[in-house]
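1. please find the sequence and the predicted model below.
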Amino acid sequence: MKVKKYIAPTMPEAMKRIRKDLGKDAVILNSKVIHTGGFLGLFRKKNIEVIAALDKESNQFKIKELETDKETIPFLENEQVIETVGKEEVKKSKISSNNRSDTIILKEIEDLKILINQLPIDGKLLDEHIPSPYQKLYNKLRKNNVSLDLLNDIKTKVLEHYYYHRRRVNEEEANDFIYQVLVNYIKKLPFGGFTPQKKYITVIGPTGVGKTTTLAKIASYTMIEKRKKIGFITTDTYRIAAVEQLKTYAKILNAPIEVCYNLHDFKFALEKFNEFDHIFIDTAGRNFKNSKYVEELKDTIEFSEDNMESYLVFSLTAKEKDLEIIYNQFSNFPIDKLIFTKLDETSQYGSLINLPYKFQKPISYITYGQDVPDDIIEATHEFVINQFVERGIK
């Protein structure tokens, strides 16, 4: 058997050299991306290294089509890679043709994983390595600011899926596959409204995210639809308008409200509402850049209360880097679930999947307007993923 190594800038160029040198019966043993030349690690050129061989005695060959999206992936569209399958090799391996085919596919997928890790993960260069059936939805995820970590993981799974199915994937099947990948990121998190067994429902978060309005929506639904006896507590004494706003909601619902200036007032209010089903607690917005202001929450609320559930409220219009800072600043408090507001004020929804996945916290509610008690839904995995692609959960 004659074995030779070829280095070329592209796979097509390597194949031309192999066929010219070894003929059409050449066997591709291995292929990989390498970098050559350069100075002090800079200006290196990317090439394809291919190991090829010719067995003159073998007269049985198996033709297998492989494909590449770009020359950095060791598969060539519309090129035939010839693999020797001599009778003696079949006897020695004791592997059926079907098993051998599966083994080859798995080997290709493993090679893909290695090469994927070498590819850039930002901008258009990333998209170029996505097979066409997946491109439309993948681009939508990128434009929705789905995190680069998740995009890179999706890219890996997409290529595995595509080549495992021998490139026989249409756009509908591609969308269904990506949909299920997204579902898998968050399906273990218990999305949905507040826990019915919890008596005290507290919202915390920075200024301007709509905590008071959101709390009023949840309370209204609980009273009107669930027929529960409710009360309000507010510790947002920094803004008179906030107190008056919650008092207005309480008056409309014919529900009592207590204004608490310190921890003593708060404990008194809890005792006063002891016979109520649910108490909805509003808090003052805090400048998330100042940890001192955030810590002041502990001076007015007893977060160690066993029967309390706390929700960190995010605005979808905020930058995700800021949302991550907000989460870290409030992480000293027991955050049970997340609430996202202002869905109607943005066209980018990446945070709906990025943050639950990153912090492993479920989403409880999503709001999309100012109307009380309307413009709010209990979050579901299906609703969140449908912001990116409309497919049913399987």
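-> Yes, it's here. Numbers count the residues shown, from 1 in each chain.
2. so, low pLDDT: which residues of the stretch 51-200 of the chain?
-> 55-129 (pLDDT under 70).
3. confirm that residue 223 sits in a strand.
-> No. According to DSSP: H, G, I helix; E, B strand; the rest coil, residue 223 belongs to no strand; its state is helix.
4. list the contacts for it?
-> Residue 223 sits next to 229-230, 253, 255 when contact means CB atoms under 8 Å, 6 or more residues apart in numbering. For every residue, glycine as well, the C-beta is placed using N, CA and C.
5. how does it look with 6 Å?
-> 230, 253 (CB atoms under 6 Å, 6 or more residues apart in numbering).
6. okay, it: pLDDT?
-> pLDDT recorded at residue 223 is 94.
7. do the same with the one 3 residues further on
-> Per-residue confidence for residue 226 comes out at a pLDDT of 92.
8. and the gap between it and residue 373?
-> Look at residue 226 and residue 373: by CB to CB, to the nearest Å, they are 12 Å apart.
9. at which residues are the strands of the stretch 151-300 of the chain located?
-> Per DSSP state E, counting those that start in this stretch, the stretch 151-300 of the chain carries strands over the ranges 200-204, 230-234, 257-259, 278-282.
10. and the angle from the second one to strand 278-282?
-> Read it as strand 230-234. 20 degrees (axes from the mean of the first three to the mean of the last three CA atoms, to 10 degrees).
11. correct me, but residue 17 touches residue 6?
-> Yes. Here residue 17 reaches residue 6: they are 5.3 Å apart, a contact under CB atoms under 6 Å.
12. which of these two has more neighbours?
-> Neighbour count, other CB atoms under 10 Å: between residue 17 and residue 6, residue 6 has more, with 21 against 16.
13. how about the contacts made by that one?
-> 14, 17-18, 50.
14. of those, which belong to helices?
-> Those of these mapping onto helices are 14, 17-18, per DSSP state H.
15. which member of those is positioned nearest residue 320?
-> Taking CB to CB as the measure, residue 14 is the one of these closest to residue 320, at 42.4 Å.
16. residue 348: what's it in contact with?
-> 144-145.
17. quick one: it is in a strand?
-> No. Residue 348 sits outside any strand when classified using three-state DSSP, being coil.
18. which residues does stretch 284-296 contact?
-> 206-207, 236, 238, 326, 329.
19. let's see that with 8 Å instead.
-> By CB under 8 Å, 6+ apart, stretch 284-296 touches 205-209, 211, 235-239, 242, 297, 322, 325-326, 329-330, 332.
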